[in-house]
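After the sequence you'll find the predicted model.
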Amino acid sequence: MSAAITCDLGVSPDKQLDDSSDTRCTITVNFAFANDGAIGRRPRTMCSKRGVNTVNFNWKRHRRRNTKKTSLHHFILASLLLSVVLSIIPPTLSSSDDLSEYMPIDTNGYSNLQQGTRLFQQGQYDQASNYLWRAVLLHSQTEHSSSYINNGVDVDDRPPSYTVDEAFAPFLQCYLRLHKLVDGLVFISAESFARGQFEMGELYLRQALERDAGHEEGRRLEKLIFQDATADGGKSAIGKDKLEKLKEIRDRVDASNPKNGENNNNNAKNGDEAFWDQFKDNSNDLGSNQAQTHNNDIDSHLADKTPEDLYNLGTHYFNTKNLPYASHLFELSCQKSNAKLSPACTNAVYLRTNLCDWGENGKGFEKDMKIIEKITRAEVELYRFVLDGEFSEEQRRQVGMRDTNTEGIIQWKRATSVHPHMMLGYSLSNENAILKRYVAEGMASLDEVRARFSDDGVISERPSDLPYSVKEMRKKYQKQMQQQPIKVGFVACGFNSKAVLYLSHDIFRFFDPSLVEIHIFSTGPPDHPNFIHGTMRGVDWRQRVIDTVDYFHDVRRYQGDHTGLARYIHKQEIQILIEWDGYARQGERAAGLMALRPCPVQILHQEFLMTSGAQYIDYIITDKVTSPLRLEHLYTEKFLYLPNHFFSKGHAVQKEVVPPSFEYVPKEDKDAPFQLGVGSPQVNACLSSNPLGSDNHEDVSFVYCNFNKFLKHNPQTMRSWIRILQEVPNSILCLLENPIEGIPNLRKFVSEATVSPQSDGIEGNHKMLCMREYP
């Protein structure tokens with residue numbers, strides 16, 4: 001079964017919109033990510049206001065084995081909650097099904113649809129769900145009912161016809177509005193089983209438990225249908241006792257059942273509402289650090305924009321590299337939604353961090369970190385759970401878990417608003433450091449879904465043999481390892497002129513071929529020949545890897561087909577697979593590959609310095625400084641320590657690296673273009689576009705460099721650098737202008753940090769030079 005992912009919903013669960021907002025969100029999932037791998041790592045979502053009765057769905061007809069039954073249209077609803085996709089199909093109804101217990105006095109489906117729609121528009125979602133479900137069940141009896149035909153009722157006198165999706169879509173929206181979508185899925189599943197529609201019941205139950213594996217009634221239904229099947233004659237036998245139990249489960253998740261509480265219509269505090277309520281009295285905690293923006297301060301041309309409009313505009317300006325304005329728009333979206341559009345809030349923080357918009361003396365940065373902590377902590381409470389107990393070999397295989405794992409199965413209902421690569425650079429308090437692991441866990445929970453996502457917007461069924469069995473692979477490879485070298489694979493998208501390969505491409509020369517057989521699986525392209533000849537001065541790092549490894553597999557043909565890539569790697573009988581990308585290089589990395597368990601031992605190394613959060617990654621190669629044993633609770637992997645440093649430093653043995661020299665060729669013309677090896681750091685001024693008076697102080701004798709993005713800087717680090725520069729005579733700091741829009745904020749912070757009665761703060765900026773680009 002496959003599901004089209006473009007859908008229109010009355011409310012977008014991904015955006016956590018206010019219940020009173022009728023919002024049309026057309027969600028085009030693109031796991032290369034609309035935000036170029038930085039903003040939230042979430043799909044491109046275009047939202048606009050729309051009435052609830054104009055819901056449309058991309059759908060595909062679903063084939064049933066029992067062709068004798070009169071089926072309704074089979075639609076596929078693709079509902080995305082932050083990046084978790086559901087495939088939902090309305091159940092079929094035979095004309096012989098007993099409808100007596102569902103029938104109101106008026107057994108006309110269209111009348112029920114009208115009543116349900118009216119109640120929905122009034123916000124009475126619990127009562128509306130009852131009428132809308134009746135309309136679904138009565139659909140096939142409305143226009144072509146034999147009673148009309150047999151009694152000679154003219155077509156014009158029959159009740160108006162309607163499509164099943166006009167009833168089914170708002171029925172599901174009732175549960176969405178009540179924040180009880182899983183209840184709705186279990187309700188439909190129980191209904192389907194009660195009617196003997198086992199295939200449909202299994203589909204809905206699976207989708208419900210994928211969404212919330214700990215759902216009490218869902219687990220009770222699963223036990224009733226499957227675990228008790230043998231004692232009751234198999235799942236196909238729905239006896240009287242089992243039917244009564246099915247009805248009990250159905251009634252407990254029925255939104256219209258008054259026994260389930262009188263507060264279904266948003267009078268009770270459910271989990272999601274409690275989460276957002278904590279921000280209501282803390283609106284001053286949100287906002288730009290450069291210029292606090294309040295609702296009455298919103299730009300005149302943006303005043304009529306919805307939070308979703310502002311979010312979409314922010315995404316657009318981020319993609320066009322206008323980071324300051326994108327930051328402004330995300331902040332407006334966050335404020336206008338009262339922080340309910342959590343991705344807007346976290347994206348605003350992310351961009352302020354990119355721009356070094358830390359507020360006065362860094363106080364704004366501290367406030368932003370508290371926002372990240374508060375949002376993430378609340379999302380963990382809502383969406384993370386752990387299944388404890390004894391698990392069968394098949395259950396472990398389904399999640400790619402190693403057989404030595406004792407933590408239980410970690411599952412998430414949806415991912416967090418913060419992406420792991422964002423969280424990597426955030427300075428959280430010690431008590432909240434565990435949130436970094438939790439954010440990674442949420443991301444890891446989506447990789448298996450991502451592996452089944454195709455470029456044309458379709459989610460296919462996961463092949464039954466995936467993930468591969470760790471136990472079976474180990475049993476097979478144990479004999480091979482005694483007779484031949486261990487097959488070790490490295491998979492990454494950056495086997496070209498990337499910084500990681502610059503440091504790492506020489507390590508392959510030092511493997512003992514009698515012990516290991518090295519395979520490279522490159523998902524990225526080679527460098528262009530002109531780039532190699534010009535910029536790289538003839539050095540091709542990719543070719544050096546090819547020349548030194550046993551097998552180099554160019555697997556670009558599997559781009560977007562990680563299931564195919566997993567099969568290909570598994571076919572090579574790789575025993576240890578080392579992944580170099582982690583959650584970096586979003587849109588390029590082999591997302592979902594490791595979740596399919598192509599190898600019995602899977603390891604994370606190099607690019608991503610944090611835990612993967614995945615129970616299908618066994619080890620992380622690190623060192624005792626980066627990952628001390630006291631922090632092992634922050635990782636899902638076991639530690640493999642290198643003796644000195646986790647990162648390979650092959651550049652130390654590369655012939656292109658010029659030995660250090662204290663001599664330089666003077667630069668005669670200061671305005672002449674930069675030439676490698678010519679001119680002192682004082683004269684070249686770090687190639688800065690704005691040296692800010694560096695020519696005025698004495699000759700430089702010591703140069704500090706940091707060529708990271710500004711995202712990786714923070715007030716604490718900058719204060720440390722300032723102290724060092726103050727204590728080391730004739731020293732300067734070379735930074736990279738990345739992004740250039742952040743330089744004014746950075747200089748402002750340096751001025752504030754170095755101001756004193758004897759200084760106006762300019763001296764610190766004289767010592768900080770920002771490069772336009774790499775030489």
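Yep, it's here.

Can you tell me the closest non-neighbouring residue to Q675?
Distance criterion CB to CB, 6 or more residues apart in numbering; nearest residue to Q675, sequence neighbours excluded, is K667 at 7.7 Å. Glycine gets a C-beta too; all of them are placed from N, C-alpha and C.

Run a quick neighbour tally on the one you found.
By other CB atoms under 10 Å, 16 other residues sit near K667.

before we move on, which element is D581 in?
Under the criterion DSSP states H and E, no helix or strand holds D581.

Could I get the contacting residues of it?
Residues near D581 by CB atoms under 8 Å, 6 or more residues apart in numbering: V491, A492, C493, G494, E588, R589, A590, E607, F608.

Over to Y426?
By CB under 8 Å, 6+ apart, Y426 lies in contact with T353, M369, I372, V418, K436.

Who wins on neighbours among the residues you listed?
Using other CB under 10 Å as the neighbour criterion, V418 leads the contacts of Y426 with 29 neighbours.

how about the closest residue to it other than its chain neighbours, what does it touch?
Nearest residue to V418 in three dimensions, chain neighbours excluded: T346, at 5.0 Å (CB to CB, 6+ apart). Shown in contact with T346 (CB under 8 Å, 6+ apart): G40, I371, I372, I375, S417, V418, M422.

hmm, 10 Å instead?
By CB atoms under 10 Å, 6 or more residues apart in numbering, the contact list for T346 reads 39-40, 330, 334, 368, 371-372, 375-376, 379, 416-419, 422-423.

I'd like to know which of the residues you listed is nearest to S522.
Proximity of these to S522 (CB to CB) peaks at H419, which lies at 24.4 Å.

And for the closest one, the neighbour number?
Neighbour count for H419, taken as other CB under 10 Å: 27.

tell me what the helix or strand V439 falls within is packed against?
In this assignment (DSSP H and E), V439 forms part of helix 434-444. In terms of contacts (3 or more CB pairs under 10 Å, 6 or more residues apart in numbering; DSSP states H and E), helix 434-444 is packed against helix 363-383, strand 384-387, strand 409-412, helix 420-424.

In JSON lines, list these along with mean pLDDT and distance to E308.
JSON lines is the format used below for the helices and strands packed on helix 434-444 (pLDDT from 0 to 100; distance: least, CB to CB, whole Å):
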{"stretch": "helix 363-383", "mean pLDDT": "93", "distance to E308": "18"}
{"stretch": "strand 384-387", "mean pLDDT": "86", "distance to E308": "26"}
{"stretch": "strand 409-412", "mean pLDDT": "87", "distance to E308": "24"}
{"stretch": "helix 420-424", "mean pLDDT": "88", "distance to E308": "21"}
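
Most tightly packed of those?
Neighbour counts (mean count of other CB atoms under 10 Å) averaged over each of the helices and strands packed on helix 434-444 peak at helix 420-424, with a mean of 23.

what comes up buried for stretch 511-526?
F511, E517, I518, H519, I520, F521, S522, T523, G524, P526 (16 or more other CB atoms under 10 Å).

Tell me the pLDDT of the residue nearest to Q675.
K667 carries a pLDDT value of 75.

out of the contacts of Y426, which one sits closest to E393?
Closest approach between the contacts of Y426 and E393, by CB to CB: K436, at 31.4 Å.

quick one: contacts for the residue nearest to the closest one when sequence neighbours are not counted?
Leaving aside its chain neighbours, K436 sits nearest to M423 (5.1 Å; criterion: CB to CB, 6+ apart). Applying CB under 10 Å, 6+ apart, one finds that M423 lies in contact with 346, 350, 372, 376, 416, 435-440, 443, 583, 610.

what do you get if the cut-off is 8 Å, keeping everything else the same?
Under the criterion of CB under 8 Å, 6+ apart, the contact list for M423 reads I372, T376, L435, K436, V439, A440, M610.
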